[in-house]
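Asks: The following block contains a protein sequence and its predicted model.
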Amino acid sequence: MELHKPPPRPRQPEGCLTVAIRVPLRIFVLVLVVPVRMAWDALVVTGRFLRDTVFRPLGRALLWVGKALFVWPFVGLWRYVLVPVGKALAWLGTVLVVVPAGWLYRSVLTPVGHALAWLARGAGAGLGWVYARLLTPVEHAVTRLLKGIGAVLAALGIGVCTAVARLVRYLLVVPARWVYEWILAPVGRAVARCVRGLGWLLGLIATGIGVALYWTLRVLLVLPALALWRWVLAPVGRFLAVVAREIGDALGHAWRIAGRISRAVGRALGTLFRWIFVEPVRWVYRTVLTPVGHVVRDAVLRPVAEGARVAGRAVREALASARDTVRQARADFRRMLFGEPRQPAAMDRREPHGPATRSLGSSTTALTKD
């Protein structure tokens, strides 16, 4: 899938000030950045060399040592100590706890629970009979009695409540309504009108004071600040932005050029090192050491190796013959002290031949012999 790159932005027209700042700034920044880039590239190469030749093997060795000191002992402890001990404890727990608990549950607790359940069902049936036959009639009688008493008290209370309500109405409600309609409501309306007029007057005064403060602050603070921003800070900011952008572009351009210079210097140093050291060493190895090594191999090492193999073969044969001689002398000495060893009697375990051959019709066995 092809990625569609966005079209490049059209370059904005640049002024003479930008061009005048760009060229000397890029030259100055390039002079400053080249040593930094070369030092950085040298540090990168040194770090990669140390990583590949020192840190990575050291890390692997430390990892192996850590495994040997911490991981493998704990693995062995877990595998050969804790797991067998855990299995043994689990077996003991099963034998000493689970099996007796199961027997106790099946043989003791289950029958006792069945007996208690039967007793509870009997007690519940007895309590149900008592509730249905004794408590329910008593409850119905008490309920009817209380309903009658309540009806009598309600009849008495209705008359009393009606008299009290009429007294409260004519002694409190009617006078309070008259006071509210003819005294409190007119006074409240007059007070509300006074408060609204006072609020309108205060609002008018506050609006005037606010307009005066607004124009005073606008003339004394806002307009000077706006002029300062428009005619001083904005041009200075644009100039500083152009300078900062040019510095950033110059740093990027100088960093890329310094990288190319550093790469060229590195290649030149590598070529010089190869011509001064590697090529002479290779030439010496190819034209001097290799023929000398071949001559030494053909004239010295191979004859010495062949002689060493012949000598080793002779030494092995001498040792084998000496071993056989010692073994024969030991056997002769044992025979001289203890005599010849007794040979086991030869026994013929094969089937008899000729007329003595076994058959089912002849009595040749111990059981059927006459």
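Replies: Right, received. Where do you want to start?

Asks: Please name every helix or strand in contact with the worst-scoring helix or strand of the chain on mean pLDDT.
Replies: Lowest by mean pLDDT, DSSP states H and E among the helices and strands of the chain is helix 136-168, with a mean of 75. Using 3 or more Cβ pairs under 8 Å, 6 or more residues apart in numbering; DSSP states H and E as the contact test, no helix or strand touches helix 136-168. In short, each C-beta sits where N, CA and C put it, glycine included.

Asks: list the buried ones in the helix ranked longest in the chain?
Replies: Identified as the longest helix of the chain according to DSSP state H is helix 234-273. In terms of neighbour count (16 or more other Cβ atoms under 10 Å), helix 234-273 has its buried residues at Val242, Glu246, Ala250, Leu251, Ala254, Trp255, Ile257, Ala258, Gly259, Ile261, Ser262.

Asks: State the distance from the fifth one to Ile27.
Replies: When Cβ to Cβ, to the nearest Å is applied, the distance between Ala254 and Ile27 equals 9 Å.

Asks: which stretches of this protein have low pLDDT?
Replies: Residue ranges of the chain with pLDDT under 70: 1-21, 155, 157, 159, 339, 341-370.

Asks: what ranges do the helices span in it?
Replies: Ranges of helices within the chain are 16-50, 56-66, 72-77, 83-93, 99-104, 110-130, 136-168, 174-179, 185-217, 223-228, 234-273, 279-284, 290-296, 302-338, based on DSSP H.

Asks: Look up how far Leu62 lies from the residue nearest the centre of the chain.
Replies: The chain has Val71 as the residue nearest its centroid, 19.6 Å off, counting by Cα atoms, centre = their mean. According to Cβ to Cβ, Val71 and Leu62 sit 13 Å apart.

Asks: How many residues are close by Gly113?
Replies: For Gly113, the neighbour count with other Cβ atoms under 10 Å is 11.

Asks: Excluding sequence neighbours, find me the nearest residue to Val45.
Replies: What sits nearest to Val45 in space, not counting adjacent residues and going by Cβ to Cβ, 6 or more residues apart in numbering, is Gly266, at 7.6 Å.

Asks: Might one say that that neighbour is in contact with Val44?
Replies: No. Applying Cβ atoms under 8 Å, one finds Gly266 not in contact with Val44, separated by 10.4 Å.

Asks: what about Leu217, distance to Leu156?
Replies: Counting by Cβ to Cβ, the gap from Leu217 to Leu156 is 80 Å.

Asks: Show me how far stretch 224-234 is from its chain's centre.
Replies: Its chain's C-alpha centre and that of stretch 224-234 lie 55 Å apart, by Cα atoms, centre = their mean, to the nearest Å.

Asks: cool, and stretch 251-264?
Replies: Here stretch 251-264 is found 41 Å from its chain centre; the criterion is Cα atoms, centre = their mean.

Asks: Going forward, count from 22.
Replies: All right, first residue 22 from here; so that's stretch 272-285.

Asks: number of nearby residues for Tyr201?
Replies: 11.
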